[in-house]
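# Following is a predicted model, sequence given first.
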Amino acid sequence: MPTSPPPQKAASIRDVARVAGVSYQTVSRVLNDHPSIRPSTRQRVLDAVDQLDFHPNRAARILATSRSQTIGVVAAAQGAHYGPTSIISAFENAARDHGYTTLLASPRGLDPASLHEAVLHLVHQGVDGIAALAPEAKSAEAIMVTRTRIPIVLLQSDHLQDAGLSVDNVLGARLAADHLVALGHRRLAMLTGPLSWTEAQARRNGTDESVADARAELTCIVEGDWSAESGYLAFRRIHESRPTAVFCSNDQMALGVIHAASEAGVRVPADLSVVGFDDVPEAAHYLPPITTIRQDFEELGRRAVSVLVGRLRGEDTHFDAPVTPKLIVRASTMPPSTV
């Protein structure tokens, strides 16, 4: 009976040093991204790492550098919402590009004790730093007052120190409302997200600004919960206020509005223009394809990791302005039939 060959011994750091023609201390410096290594030397070491399929021993790295190369993520948002999920995914991808793995902690609740527990859980797991997605102001505050020895950055919040780690939601809402106004709409309705969320309130503020500047009218403001069901249920109140257009604070709620409008015999966009926010992958396939605001989550993830890694190195890495959103015009908006 044939036998399988014995497994090959994994390459060591000294094997990499031998193939690259450098000392093992130099290999260690390259693996830890030390700035004093010449580019040609760094490339020889990286080529040797690829050739030998070398994987550093995590325990040994922690002992040598006091770093785990792991970043914790606190997701202080209940439910599988598109925005938070996309931000976490983008952050994880960017962290991997910097040589870090991520460890996710989902708090039991959004109360201060649960958030404090989630942060300390990550600290006890030996993470080097923490990124917290805390869309509600009270959640962000609860996380920031937790005393830790490691840096914490906040994503998509209004925390002054991390102002550049969010999408410009005020601008995004203005782009949406300005688009409707430019089409000739003067009676607009708004379906907000839960106003305890920082981004929902920012989108409300941007809409208010745009409507006021245009001397248009907000016929009604309805608070939703980000779900398509809440958009569906909100349609009656929106329709009763007789707007010619509605701005929904996310695409899922816009989908619910479109569904309810269709059942009521209200044509989108001939009778009611609809704008969403997020540009979810399905937005181009709604009936009709929906005009929306696209958020650059990948840029947000790159920024957050850059800031956190910079702080780990003792550098003042920051971004002064939030990420700029983009208006995506599709078939769900048109000039009103009567101006």
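Received, thanks.

# quick one: the helices in the stretch 151-300 of the chain?
169-182, 198-214, 228-240, 251-263, 297-312 (DSSP state H, counting those that start in this stretch).

# which residues touch residue 258?
Residues near residue 258 by CB atoms under 8 Å, 6 or more residues apart in numbering: 268, 274, 286, 287, 288, 290, 332. All C-beta atoms are positioned from the backbone trio N, CA, C, and that covers glycine.

# how about JSON lines for the helices of the stretch 151-300 of the chain, with distance to residue 35 and mean pLDDT added?
What follows is those, written out as JSON lines (distance: least, CB to CB, whole Å; pLDDT from 0 to 100):
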{"stretch": "helix 169-182", "distance to residue 35": "36", "mean pLDDT": "98"}
{"stretch": "helix 198-214", "distance to residue 35": "36", "mean pLDDT": "96"}
{"stretch": "helix 228-240", "distance to residue 35": "50", "mean pLDDT": "97"}
{"stretch": "helix 251-263", "distance to residue 35": "43", "mean pLDDT": "98"}
{"stretch": "helix 297-312", "distance to residue 35": "13", "mean pLDDT": "92"}
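
# For residue 73, find the nearest of the ones you listed.
When the helices of the stretch 151-300 of the chain are compared by CB to CB, helix 297-312 sits nearest residue 73, at 9.7 Å.

# how about the CA coordinates for that closest one, as CSV?
Output in CSV follows, covering the C-alpha atoms of helix 297-312 (Å, rounded to 0.1, in the frame of the first residue of the first chain):
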residue,chain,number,x,y,z
PHE,A,297,-16.5,52.5,1.8
GLU,A,298,-13.2,51.3,0.5
GLU,A,299,-11.7,54.7,1.0
LEU,A,300,-13.2,54.9,4.5
GLY,A,301,-11.6,51.6,5.4
ARG,A,302,-8.2,52.6,4.0
ARG,A,303,-8.3,55.9,6.0
ALA,A,304,-9.3,54.2,9.3
VAL,A,305,-6.5,51.6,9.1
SER,A,306,-4.0,54.3,8.1
VAL,A,307,-4.9,56.5,11.1
LEU,A,308,-4.9,53.6,13.5
VAL,A,309,-1.5,52.2,12.3
GLY,A,310,-0.1,55.7,12.4
ARG,A,311,-1.1,56.1,16.0
LEU,A,312,0.5,52.7,16.8
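
# How far away from the center of its chain is that helix?
Between the centre of helix 297-312 and the centre of its chain there are 11 Å (CA atoms, centre = their mean, to the nearest Å).

# For that helix, enumerate the helices and strands it packs against.
Judged by 3 or more CB pairs under 8 Å, 6 or more residues apart in numbering; DSSP states H and E, the packing partners of helix 297-312 are helix 82-97, strand 129-133, strand 152-155.

# ok, the closest residue to residue 105 other than its chain neighbours - how many residues close by?
Spatially, and ignoring its direct neighbours in sequence, residue 105 is nearest to residue 118 (4.3 Å; CB to CB, 6 or more residues apart in numbering). For residue 118, the neighbour count with other CB atoms under 10 Å is 26.

# returning to that earlier point: may I see the helices and strands packed on helix 297-312 organised as CSV, with mean pLDDT, distance to residue 54 and mean neighbour count added?
Formatted as CSV, those follow (pLDDT from 0 to 100; distance: least, CB to CB, whole Å; neighbours: other CB atoms under 10 Å):
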stretch, mean pLDDT, distance to residue 54, mean neighbour count
helix 82-97, 90, 17, 20
strand 129-133, 92, 25, 26
strand 152-155, 90, 31, 26
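
# The ones you listed: which one's closest to residue 112?
strand 129-133 (13.2 Å).

# what angle sits between the closest one and helix 297-312?
Angle of strand 129-133 versus helix 297-312, following axes from the mean of the first three to the mean of the last three CA atoms, to 10 degrees, is 150 degrees.

# Alpha carbons of the helix or strand following strand 129-133, as PDB, please.
For strand 129-133, the succeeding helix or strand toward the C-terminus, using DSSP states H and E, is helix 137-144. Taking C-alpha atoms only, helix 137-144 is exported to PDB below (Å, rounded to 0.1, in the frame of the first residue of the first chain):
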ATOM      1  CA  ALA A 137     -23.600  59.300  19.600                       C
ATOM      2  CA  LYS A 138     -24.200  57.700  23.000                       C
ATOM      3  CA  SER A 139     -22.400  54.500  21.800                       C
ATOM      4  CA  ALA A 140     -19.400  56.400  20.600                       C
ATOM      5  CA  GLU A 141     -19.200  58.300  23.900                       C
ATOM      6  CA  ALA A 142     -19.400  55.000  25.900                       C
ATOM      7  CA  ILE A 143     -16.600  53.500  23.900                       C
ATOM      8  CA  MET A 144     -14.300  56.500  24.100                       C
END
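
# tell me what helix 137-144 is packed against?
Other elements packing on helix 137-144 under the criterion 3+ CB pairs under 8 Å, 6+ apart are helix 112-124, strand 152-155.

# ranking these by burial, who's on top?
strand 152-155 (a mean of 26; mean count of other CB atoms under 10 Å).
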